[in-house]
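J.: Below is the sequence, then the predicted model.
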Amino acid sequence: MKVDVLVINAQLPQTQCGECGFSGCLPYAQALAEGVTSIDRCPPGGTKTLHALAGLLKLDATPYQKAVLEKTRAPSYAVIREAECIGCTKCIQACPVDAIVGSAKWMHSVINSECTGCGLCVAPCPVDCIDMVTIDEVQYDKKKAQLRAAARESRMQRDAADKERHYRSLAQKASEQEIKAKQAYILEALARVQAKKNG
């Protein structure tokens, strides 16, 4: 019997880190539901997630246990060394759960209670001012992180659609202007020819 994607997704840590090879927890859950990937691909989830997935999907976790233990990573959250932040917004753009606040050319800051510890903000930072701080246990709310990730994804899709409509509108205006310019050129040419005939 096929397990519902949302039920599988609820067992994942909602870090949206992509370490499983998918773009987030939901795409990984979809792949698991379709049976096209394995249950051992979640480093932040560790053995707890491994056993939860194995139970749901009626699989034996034993063959995966050792590998999962080796690649499990401790929970963490990001900290921006604010005095070094140049306000480039690259970390804000990278955060899958909108846990970073700030604006262009102003200092940014991480909302610790919302940060899932995905680490995706570290690499884009051009001044390397973001540290990942290891903690004993997860401090973010999984359900809230899931909702924030979904809201961000919806917003990005809307923004992309708006941008596409804007570009299409600009292209249409440019095309209309080009047609008008060609028509004006033809009318001017005809007027010149007519003037020569009349002259």
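T.: Perfect, thanks for sending it. Residues are numbered from 1 along each chain as shown.
J.: Do a quick rundown of the strands in this structure.
T.: Assignment of strands within the chain using DSSP state E yields the ranges 76-80, 100-101, 109-110, 130-134.
J.: where does the last one sit relative to the chain's centre, distance-wise?
T.: Taking the mean C-alpha point of strand 130-134 and that of its whole chain, the gap between them comes to 20 Å (C-alpha atoms, centre = their mean, to the nearest Å).
J.: Start the count at 18 instead of 1 going forward.
T.: Yes, from this point I'll number from 18; that puts the last item at strand 147-151.
J.: Sheet-wise, list the partners of that strand with their directions.
T.: strand 93-97 (antiparallel) (DSSP bridges).
J.: what does the strand it pairs with rub up against?
T.: Contacts with strand 93-97, where a contact means C-beta atoms under 8 Å, 6 or more residues apart in numbering, come from 108, 116-117, 124-127, 129, 132-134, 136, 138-139, 146-152, 156-157. Quick note: C-beta positions are derived from backbone N, CA and C, even for glycine.
J.: shaky segments in the chain?
T.: The chain contains residues with pLDDT under 70 at 18, 216.
J.: Repeat the analysis, applying 80 as the threshold.
T.: Applying pLDDT under 80 to the chain flags residues 18, 179, 183-193, 196, 198, 202, 204, 206-208, 210-216.
J.: Let's check: the centremost residue of the protein is which one?
T.: Centroid check for the chain by C-alpha atoms, centre = their mean gives residue 113 as the closest residue, at 4.9 Å.
J.: Now do the contacts for that residue.
T.: Counting by C-beta under 8 Å, 6+ apart, residue 113 has contacts 33-34, 41, 133, 135, 137, 166, 169.
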